[in-house]
Structures are given as structure tokens and as C-alpha cells.
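> Structure for this input, please:
(2 chains)
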Number of protein chains: 2
Amino acid sequence: MTDKVRTRSNSPAKTGDVQSQPSSRRRFLSHGMAVAGSTLAAGVAASAATAMAAPLVIPESNKSTGKPMPATEYGLPSKFEKHVVRRRTDVFVNRQNWSDWSMTPLQHQPGIITPNGLIFERHHAGTPDIDPATHRLVVHGLVKQPLSFSMDDLARYPSVSRFYFHECSGNGLTDWLKPASNTVQQTHGLLSGVLWTGVLVSTLLEEAGIDPKAKWALFEGADGSAHIRSIPIEKLLDDAMIVYAMNGEALRPENGYPVRAVMPGWEGNTSVKWLRRIKLGEEPWHFRSETARYTDPMPEGKWRQFSMVMECKSVITSPSGGQAMKGPGFYEVTGLAWSGAGKVRHVDVSFDGGKNWREAKLEEPIMDKCLTRFKIGWNWEGGPAVLMSRAVDSTGYVQPSVQDLQKTRAIVGFVQHHNAIQPWIVSAKGEVSNGIGKA
Amino acid sequence: MTDKVRTRSNSPAKTGDVQSQPSSRRRFLSHGMAVAGSTLAAGVAASAATAMAAPLVIPESNKSTGKPMPATEYGLPSKFEKHVVRRRTDVFVNRQNWSDWSMTPLQHQPGIITPNGLIFERHHAGTPDIDPATHRLVVHGLVKQPLSFSMDDLARYPSVSRFYFHECSGNGLTDWLKPASNTVQQTHGLLSGVLWTGVLVSTLLEEAGIDPKAKWALFEGADGSAHIRSIPIEKLLDDAMIVYAMNGEALRPENGYPVRAVMPGWEGNTSVKWLRRIKLGEEPWHFRSETARYTDPMPEGKWRQFSMVMECKSVITSPSGGQAMKGPGFYEVTGLAWSGAGKVRHVDVSFDGGKNWREAKLEEPIMDKCLTRFKIGWNWEGGPAVLMSRAVDSTGYVQPSVQDLQKTRAIVGFVQHHNAIQPWIVSAKGEVSNGIGKA
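Got it, this is the predicted structure:
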């Protein structure tokens, strides 16, 4: 049974935009743009008798009992989905894998939530195995009353659950001027969508009492790298969270179990994992993570510090690098857009390398600093094409091209904060590849 | 290190409602209602020197590298969270476990999304192991053109991703008149929150062309029970979905892999899993699942058929049965509310068995036919209490008591559609237990 996706070769349709609206969905069939769903009769001609017989035959799974249910179980994906996993970078081969990262398979992720088993990882000294019964979070420094919180203590405070995107500032750093990798998992997979649950940092700071002199706070992790960052107090009093759960269950070990910070919309490394202390002070500390790392080279040879906000960005996840078109016809082109500065307002998509743009449909709910799913119909005639998406956020910021970014930034070494437009090249044969620097 | 949750015993506070607003959060400390966060100084007195020393000592996890990252990985929960699992009923001991159900640990789930590993299961003949490469979905009967869809075909159609609650009509059937189980996992755990992704049924029906005579459709699964239901065409043209992904990844085997129906807001069994065909007809088929099962006994001795909508309901998940209060003081009381008829409009909570009610805060986003999280502050003085929640939906429907439901329904046998108010009894010692029929 190997039904090919059938297309109607007598289709009069032109390459172009097809809206995903009920009224135009009828056009899949009536206007001859249907690509999926072989008719029972036509199935005979297209792919032999088994294709027609299949729907009339009772499948084997109807004739036997399936797997029984265990008394208790934490469920796992189907054995047929083993290819959908986090992957370490395939670009750099690390000499050791304690300071490493793994990437989310965005090409397989619909919607705006990443399952916990697929959320990207980044750590500097491996994943610690912390017992929540003994772990403590301390708030000290310029506070009226230093406090120590057990995990049970934290659970007693008023909680918030909020949907946010989560992105590493290094997302895309291998692919600035020419392709180093091919799949969207490798170019953009340091990105996930998460419903975080925890306590607002402001709740704990108000409990401790903030000394008016306090303007910054350090957040330090209990991992082998003692990862540490300085955060301005404005962020802490705004939307910063102390998080103990993600997507409806406890944090995963690699994502900070039992407790971490989340700085919504900011580069991932500011959301310190395995959090053990918050110390308030008057000025930033200028840690190595703020001087030698997580800074951006500028054209005049200086380096920009504390560029925490992840600017507005988008990427088409389907079709994307490494995928293959399945013959001419209708495709739903879809991707993700996000902004650390607010909501996604709209996304434009080009099918001709940026000459013409059409507005994609944004799927509800559209939330602040959260992944937003965009979709646009496309009738691919079979020729070469270059697909791009360009997002605009609620501040009016427009996602730039690499050329735009080069006007204000220097691209030397491992450059963070790559939020430029991602081109995907579709060959005449339908092979999709990374078009960065080419298109 | 066994810090006790400390409360200020000189608190002048009365049992009552504490709003979770920034302005009143200050009152945790200043009004003496703080319950969590022992001061460094006070920690000495409260729980010995280690409690004070802990924050100043570098934890062991800071001194060594953690677990390195594998090349590819599907992540799993921490070993310290092994108690958070789906559980089969602890009330009935089945003679065989092919027709069975397992329940979501709602007492451990924050937010409105259930992780895929914890989504409740219900099947009638075990979980089939279906190869997506050979599986087909057929649309036939009163259509202009019968169609057969491969899984690749379905992926080509315009998709939608939507957050919905998912509930079995049997949720709560053990606990109508007296407690048969104690935890919210057992009383309400045939309930999950899911972001479903797939194709609208209306898209596929329009592709096939609906014969004007068609008023109902049967949906049949490829499992060993050949589970089958009749669905009216109005639902199919409204919001019914053909789903291939949940919470950002492919369906899990036990939840219908590779393709299922989802009837938003309707009893779970209408969302036929392992879906293999949709046949349009003029009338419902009156399958066994519509006569001997999934019907509701009425007072006059008749049985109600096709009661598909899951009416408005709510439950407090914390504190809930089997939990123990950790001394007098502030608690955030939280739970879930949902309605198959629309959005949750508000939730009232009582701390005295229904004599007085206060309005809880609903957490955004509040979505149609989706779980909604409610929260309300409570200062527990240490005496006995009876907690209840009561939800109202956008149609004005008010969640009933069991006594209310008994006026229009008969409670005999295994009665489905139990959406009554759930009382939790808090003893003077702080033990929380199921108060159904008692309070």
C-alpha cells in the first residue's frame, strides 16, 4: 500500500496564494487544486488494486486486542516517531559534551507549544541531579530581610502560569552568511514554546523587602558551571518568574529542576536554571557571562553588553531545509513568529526571494512574548522558488535581513542575536535547502 | 535540612479571602500572614543551624559536572517525580485490562495543559500499534466522491491548532452519592487539557462533497473494539477536527495514533481514536455505544441518548483529597473549570460547605471549551472547613450540586455526566478528604 499523493495534472491553477478559509477550501476540489485524497475509483488507476481495496478491508488492528494498560505509566511517543528527537548540533563536534546544546525539531512541531521531551537544552557543565527536598533558594543582598525558600515554601505563594517563547541568544549563530546546516532544527531549534508556572520574582522580593538602593540582582545556578547573570530590577518587578513547572508538570532536570528563573522575552541564558540564589545589589556584576560571553560585536570594534531582549523574528518550518515537496499542487506554508518586545502583529511571506510579499494568517491565541503560528496557502507549480517570512511586532519593529543587521552589527566569530529573515530555496525538483547568503 | 513551613503564630488574620494582587502580596509579610520563606535569622531558631548555613554553603552540584547530553534524546521527568503518573482506577479491579482507563494526576498539574505522558486514557480493547505509512482514513456514504486519505495526504490540508479540554463522560461516575475514591486524580482525572492539531472535518467533507440528504456520520476506529459513534452533521460543519498531533507532536499511541477525531466540548468517546472511516448517512445508527452505553438514566425510567455536550464543571485541585495542609496560614486555593458549551465566565469558591461564596480569579487566556485555571487566596486558621467550587459558563449555566442533578436525572448504576460540585473536607488536623455526599 503505497498510495502516492495524487495531484490533478489538468489543474489550471497558477502559483499563488490560497487562503485557508472555508469558502476557498471548496476550491481544493472544484477548482482542480486538490492534492490530497485519492478517490476510491481513481485509486485503482493510480496505485493498484490494494489502494482501492484498503478502505473496504477490515484492518488487522480491528481483529485483535491491543496493548493493555499498565497500572501506572508515564506515556511515550509511538515507535514510528523515533526520528522526532532533540539533536545536538551537527555543525560543531565538541571535544566534550558537558557544555553543549540540543535543538528542538521545529519541522515536526505544530502549534505553539513544545512537548517537554523536545524542549531545547543548553548548559555549561552538564545537568545536575538535584533533590528538591534539600534544595533552597536564597534571596539576599540589598533586602530588608534575607529569606531562604524550600521548594514547599515556593509552592505556597500565589502562582502564575504564562505562555512564553524561550530562545537561546545563540540560535542561528552557525548560519549568518552562508549555510552551515540545513534543517530548521539546526538553524532555529534553540527555540521552544512553554507554559511556565511559578511565582513572580516581584512576589518574593516584596516578601524580602527591597532596599531602595537595589538596582540589579544576580541570579546564580547550582550547576557545575555556577552559571550567573546580572538582571536589572525593572525586569524583576515587571514579569520575571521563579518557575517550578513547565507545560503542566515539574521542570525537567535539563531545564532547571527543581527551580529556575524565567525572564520572558529575554535571551535564554538570563533565565538561570537550577537557581540557588538571588542577590540584590547596586550595579551589574560584569560576570564572564556578560563580558567574554553573551555580548555582540559592533562595527566599530566594540562589544555590546546586556542585549537581553530577543528581537522580533520568524521562520517557515514547513516546507523547510531537508524536506522534499511531493509534487506540484497546494501546500500550506507554516511557521513561527515571536518577539521579546511584545506581540506579533503580522507576518509576510514571499515565494520569490523577497520581490513580492503576501500577508499570512496568524492563528489565535496571539499572546505577548509567545510563539505565534502563521499559515498561508501556496500552489506550487513545480519551478524553483525562494520562501521567506518577515514578522512585525506590536512595537512596529520589522524583522530585518542579514544585510540590514550588518549595517549596525559586526558578523565576526560566534555572533549571537541572529534574528534575520531565513530563506529556504526550493529547487525545480522540490528539494528544500538553506538559502542563507544565497537568496 | 528539614525546614518546616513557618507561620507567624501571632497573626491577627481571620480565615478568609486573600486576593492574589501585587498590592496585597505585601501583606504576606507586613500583615503577618506570611507562611513561606523562613528568614535566615529565624531559620536558626526554627530548624537548627543547617537551615541557616545552607544558603551560604556551596551545594555539591556546583562542584562537579552533571550528566552530559546524548546526541539525540527524547527527554523524561526527574527521578524525583516518579509519583506523578497516570493511574488506572483504584476503585474497580477489572478482570482484564484491555477495556480500561487511566487517570491524569490533576493534583500535580498546574496551568491548563496536560503533558502528553499524563493525558488520561480510555479504550475498549487495548492500544493498537498502527503504522502510519499504511493507515488510511476513508470518507464515504452520502458524499459525491468517496475519498481515501493517507497520513501524508492529511498533512497537506490547511491545518488548525486549538486548545480544548478533553473529558470522558464517565469522569466521576464512582463518586455520586458517597466517596468511593479520595484523590482528585480518581474523582476527576478522566480530564486533560490539550492543544490539538489537525484538519477541520468540514474541510474533508467539502472535499468529498456532501450529499444534501446527509444528516449524520458514523466515525469508526481501527482498534480491537471497532469503537463507533454517530455524530450529527451540524457538529461536523462547526468545529469537529481530524487530529494527528497533540501538544506539539504526533498523537500518542494510546490517544489515537496516527489519527483520531476530536469533537470539542463533547464526551470523549465521540472523539473516535485510531480513526479509519467516516460514513455519511441520513440518521444515527444507534450503535451499542448509543443504546447500552453512553446513555443517561432519567427519573421516569427512560434513558437519554446522545447527550454529547459536557456541561459546565469545576473542581479544586489544591488542596484536594489525600493532601495535607501544612499548618495554619495562607494558601492559594486553585482548580480547573471548563464547559463544553462555551467559555468559563466565573468561578465561586466556598470555604464553609456552600454557605458563603467568593469569586475566584480566572487566569488568562480564557478559551472556548478549554480548561480555565482559577485561583483564590485563603487564610486557613486551622479549624475544619469544607471547600467547594462552582463554575458558570458563557451561556449562564451554573454548575449544579448532586441534589440539583437528582431532580432531573436518576443515579442508578454507572451514571455518566457527573458535573456536580465537588466538596473537599479539611479536618482540624489539616487532612483533606472527599466530601461527596457528606457536605
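
> Which residue, other than its chain neighbours, is closest to A:G353?
The shortest distance from A:G353 to any non-neighbouring residue, by CB to CB, 6 or more residues apart in numbering or on different chains, is to A:V386 (3.5 Å). C-beta coordinates here come from the backbone N, C-alpha and C atoms, glycine included.

> Might one say that that neighbour is in contact with A:Q422?
No - assessed by CB atoms under 8 Å, A:V386 is found out of contact with A:Q422, at 10.7 Å.

> Counting neighbours, go ahead and name the busier of these two.
Between A:V386 and A:Q422, counted using other CB atoms under 10 Å in any protein chain shown, the more crowded position is A:Q422 (28 against 17).

> Please give the element, helix or strand, for the spatially closest residue to the more buried one that is not a sequence neighbour.
Among residues not flanking A:Q422 along the chain, A:V315 sits closest, at 4.8 Å (CB to CB, 6+ apart). Using DSSP states H and E, A:V315 sits within strand A:313-318.

> just checking, what packs against that strand?
helix A:184-188, strand A:329-338, strand A:344-350, strand A:385-393 (3 or more CB pairs under 8 Å, 6 or more residues apart in numbering or on different chains; DSSP states H and E).

> Which of those has the highest mean neighbour count?
Neighbour counts (mean count of other CB atoms under 10 Å in any protein chain shown) averaged over each of these peak at helix A:184-188, with a mean of 28.

> Can you pull the residues of the stretch 251-400 of chain A lying near chain B?
Where the stretch 251-400 of chain A comes near chain B, counting by CB under 8 Å from any CB of the partner chain, the residues are A:251-254, A:257-258, A:274, A:276-277, A:326, A:329-332, A:334, A:363, A:365, A:367, A:373, A:375, A:377.

> Excluding chain neighbours, what is closest to A:R229?
Using CB to CB, 6+ apart and skipping residues adjacent in sequence, the residue nearest A:R229 is A:T270, 5.1 Å away.

> Quick check: that neighbour vs A:E206, distance?
Per CB to CB, to the nearest Å, A:T270 is found 21 Å from A:E206.

> swap in A:K235?
15 Å.

> and what of A:G329?
A:G329 is 58 Å from A:E206, by CB to CB.

> which residue is nearest the middle of chain A?
A centroid search over chain A (CA atoms, centre = their mean) returns A:L191, at 2.8 Å, as the residue closest to the centre.

> For the residue lying closest to it once chain neighbours are set aside, list the residues it contacts.
Among residues not flanking A:L191 along the chain, A:E167 sits closest, at 4.6 Å (CB to CB, 6+ apart). Counting by CB atoms under 8 Å, 6 or more residues apart in numbering or on different chains, A:E167 makes contact with A:L190, A:L191, A:S192, A:E267, A:G268, A:M310, A:K313, A:W338, A:G340.

> Tabulate those residues (CSV), appending secondary structure.
What follows is the contacts of A:E167, written out as CSV (DSSP: H, G, I helix; E, B strand; the rest coil):
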residue, secondary structure
A:L190, coil
A:L191, strand
A:S192, strand
A:E267, coil
A:G268, helix
A:M310, coil
A:K313, strand
A:W338, strand
A:G340, coil
